[in-house]
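K.L.:
Here is a sequence together with a model predicted from it:
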Amino acid sequence: MTKWEYVTVPLLTHATKQILDNWGDDGWELVAVVPGPNPEQLVAYMKRAKA
């Protein structure tokens, strides 16, 4: 059975693609994006299989 680790990542709306690409390069998969504490920010929930 696969075991997962999770992380929450703040996203700035003007750099969302770059931030997600960087995390994706490290093996993280995007699960969900939700509104952040202000209109300029989102929060990404990501997961990857534990080594």
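P.N.:
The structure has been received and is ready for your questions. Numbers count the residues shown, from 1 in each chain.

K.L.:
what about the strands in the protein?
P.N.:
Counting by DSSP state E, the chain has these strands, from start to end: 4-12, 29-35, 41-49.

K.L.:
Out of those, which is the most enclosed?
P.N.:
Counting by mean count of other CB atoms under 10 Å, strand 41-49 has the highest mean neighbour count of the strands of the chain, with a mean of 15. Placement of C-beta: from N, CA and C, glycine included.

K.L.:
Return the distance of that strand from the chain's centre.
P.N.:
3 Å (CA atoms, centre = their mean, to the nearest Å).

K.L.:
partners of that strand, with directions?
P.N.:
The strands beside strand 41-49 in its sheet (DSSP bridges) come out as strand 4-12 (antiparallel), strand 29-35 (antiparallel).

K.L.:
re earlier: want to try a markdown table for the strands of the chain, with mean pLDDT and distance to Asn22 as columns?
P.N.:
What follows is the strands of the chain, written out as a markdown table (pLDDT from 0 to 100; distance: least, CB to CB, whole Å):
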| stretch | mean pLDDT | distance to Asn22 |
| --- | --- | --- |
| strand 4-12 | 95 | 9 |
| strand 29-35 | 96 | 12 |
| strand 41-49 | 96 | 11 |
